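> next input, structure requested:
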Amino acid sequence: MNINTLHIGMRVRHPAYGTGKVVAITQHTCDIAFDDGNKRTVSPSGSGIGLAEAQADVSGLRMPLKQFVSEIARQIIDELGIEDPHEFVSLLGSRWDGGMLVLKPRDESLQSKEVPIETFFHKIVMMRNQLRVLEQKINSNKELSEVEKVEIQQYITRCYGSMTTFNLLFAEEGEQFGK
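Here you go, the predicted structure:
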C-alpha cells in the first residue's frame, strides 16, 4: 500500500497484527493502533497492509449527486433517530397551534421564559417514542430474565404515568401516554 493513500483514522489490516487504526503518518511510515491494544510503526509499502473497510468510489456514480447525498443524509438521520419536529405537529391538538408555554418564576425580578408549544410538544413526543423503543429493546433482550424484564417495564410504566399530565396536548387519545 502506498503511504499517500493513508489518512489518520483509516482502518487497515496487517497480515500479522490484524486490524487497527492509523494514528500518525510520516514520510515513509505510519503508526497504527491495533485492536489488540498495541501501537506499532510500520512501513506501508513493504508490510502487506491493506484496507480493513470497504471503500466507495463515487466517480462512476450513476445518479445525481444531490440525490445520492440526500439518500445518505436520510440514512444517517434515521440511524441516529433524529426526527423532524414538524413531523409531530399534526399530533398536537388544534387549540394549541401557535401557542406558547410560559414559565414564570415566583421571583418577579427574574425573567419569564417562553417556549413555543410545538417545540415543547416535539420533546414530549420524542420522549414517548424513546420510551417505546426502550420497551422493545427490553422485551427482545435475550440476556434479561423475565423477572428483570418485568421489573424494568414497571419503571417505564411509571414514566408513562408521570407523562400523562401532557396528554391534553395530543389531538387524538390513541397517541397519548399510557394508551
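
> after the lowest-mean-pLDDT helix or strand in the chain, next one along is what?
Ranked by mean pLDDT, DSSP states H and E, the helix or strand of the chain with the weakest confidence is helix 65-80, at a mean of 81. Next along the chain after helix 65-80, taking DSSP states H and E as the criterion, comes strand 100-103.

> flag the shaky bits of the protein, pLDDT-wise.
56-57, 81-89, 179 (pLDDT under 70).

> run the last query once more with 90
1-10, 27-28, 43-48, 50-98, 118-137, 139, 157, 159-179 (pLDDT under 90).

> and the lengthiest helix in the chain, how far out from the chain middle?
When the chain is parsed with DSSP state H, its longest helix is helix 117-140. Averaging C-alpha positions (Cα atoms, centre = their mean, to the nearest Å) puts helix 117-140 14 Å from its chain's average.

> so what touches stretch 50-57?
With contacts defined as Cβ atoms under 8 Å, 6 or more residues apart in numbering, stretch 50-57 is touched by 1, 10-13, 19-20. Where C-beta positions appear, they are placed from N, C-alpha and C, glycine not excepted.

> of these, buried ones?
1, 10, 12-13, 20 (16 or more other Cβ atoms under 10 Å).

> out of those, who's nearest Phe121?
Met10 (43.4 Å; Cβ to Cβ).

> quick check: that closest one touching Gly20?
No. Counting by Cβ atoms under 8 Å, Met10 does not reach Gly20; the two are 9.7 Å apart.

> roughly how far out does the longest strand seen in the chain sit from the chain middle?
When the chain is scanned for its longest strand (criterion: DSSP state E), the result is strand 18-25. With Cα atoms, centre = their mean as the basis, strand 18-25 stands 26 Å off its chain's centre.

> next, the angle strand 18-25 makes with the next helix or strand after that strand.
Later in the chain than strand 18-25, the nearest helix or strand by DSSP H and E is strand 30-34. Interaxial angle of strand 30-34 relative to strand 18-25 (axes from the mean of the first three to the mean of the last three Cα atoms, to 10 degrees): 140 degrees.
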